[in-house]
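In: A predicted structure for the sequence below; I have some questions about it.
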Amino acid sequence: MDGEELTEQETALYDRQIRVWGADAQRRLSKAHILVSGMKGAVSEFCKNIVLAGVSSLTLVDDRIATEEALSANFLIPPDETVYGGKTLAELCCNSLKDFNPMVRVSVEKGDLSSFGGEFFDKFDVVVVSCCSIATKKMINEKCRKLLKRVAFYTVDCRDSCGEIFVDLHHHRFSKKKLEETIECELLYPSIEWVYYSYSGCQFSNELYLLIH
């Protein structure tokens with residue numbers, strides 16, 4: 001990303017948010033490639049927000065056929081059966097998201113996410129997974145962790161009034177200011193496999209509890 005500046009069009013479109021988090025953060029955001037699997041509820045809201053924020057590309061994976069029931073949990077699906085009949089959730093959400101920000105490339109990838117190899121996930125900077133089994137989440141998290149590049153992994157699910165989120169940023173370095181001093185910090189994130197193993201064995205530490213909540 002070094003040396004790649006925002007275009008005049010990007011600067012004009014994202015002027016307000018650049019004032020909030022700065023041009024450098026917007027520049028990095030505009031080069032990010034995001035993969036999202038499982039279009040429902042909170043994930044749809046997440047997709048809308050990152051498209052409006054101005055990521056480089058968003059790829060959707062969800063081959064489930066849209067139904068009236070899905071409509072009640074996803075505002076990206078048009079409320080017209082003649083429009084959504086026979087189409088997948090990913091296809092319908094893709095069409096809606098394109099209207100939010102024409103500068104973001106939104107596309108659909110068909111297939112079972114668990115069957116994709118590591119080279120597929122290597123194309124992305126962030127992978128967000130929802131609406132799938134724990135076994136699938138563990139498998140995809142492990143594939144992301146084996147890549148040479150750092151691919152952030154998130155899994156999000158909502159059930160009625162309850163929700164859950166898991167975050168794996170691998171070896172994450174960041175800076176924070178304390179008075180006049182800048183402190184360099186780092187976090188070592190565990191895999192979802194390790195978390196479930198620790199939970200089942202009652203081996204949670206206070207640090208881990210804070211990390212995943």
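Out: On my side now, so go ahead. The shown structure was predicted, so the numbers you read here are calculated from the model rather than taken from an experiment.
In: dump the residue contacts of the closest residue in space to residue 48 that isn't next to it in sequence.
Out: Among residues not flanking residue 48 along the chain, residue 100 sits closest, at 6.1 Å (CB to CB, 6 or more residues apart in numbering). From N, CA and C alone the C-beta is placed, and that goes for glycine too. Residues near residue 100 by CB atoms under 8 Å, 6 or more residues apart in numbering: 48, 51-52.
In: again, 10 Å this time
Out: By CB atoms under 10 Å, 6 or more residues apart in numbering, the contact set of residue 100 is 47-52, 76, 106.
In: From the residues you listed, which land in strands?
Out: With strands defined by DSSP state E, the entries of the contacts of residue 100 inside them are residue 106.
In: Restricted to helices, list the contacts of residue 100.
Out: Among these, the members found in helices (DSSP state H) are 47-52.
In: If any of those are buried, give me the PyMOL selection for them.
Out: The buried residues among these can be selected in PyMOL (16 or more other CB atoms under 10 Å) with this line:
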select buried, resi 47+48+50+51
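In: Go through the ones in helices among the contacts of residue 100 and name the one nearest residue 32.
Out: residue 50 (8.2 Å; CB to CB).
In: Please tell me I have it right and the closest one contacts residue 104.
Out: Yes - the pair residue 50 / residue 104 is scored as a contact, 8.2 Å apart, by CB atoms under 10 Å.
In: who touches both of those two?
Out: Common contact partners of residue 50 and residue 104 (CB under 10 Å, 6+ apart): 34, 58, 97.
In: which of these tops the neighbour count?
Out: residue 58 (26 neighbours; other CB atoms under 10 Å).
In: Residue 93 and residue 59, how far apart?
Out: Separation of residue 93 from residue 59 (CB to CB, to the nearest Å) stands at 11 Å.
In: try residue 128
Out: Counting by CB to CB, the gap from residue 128 to residue 59 is 10 Å.
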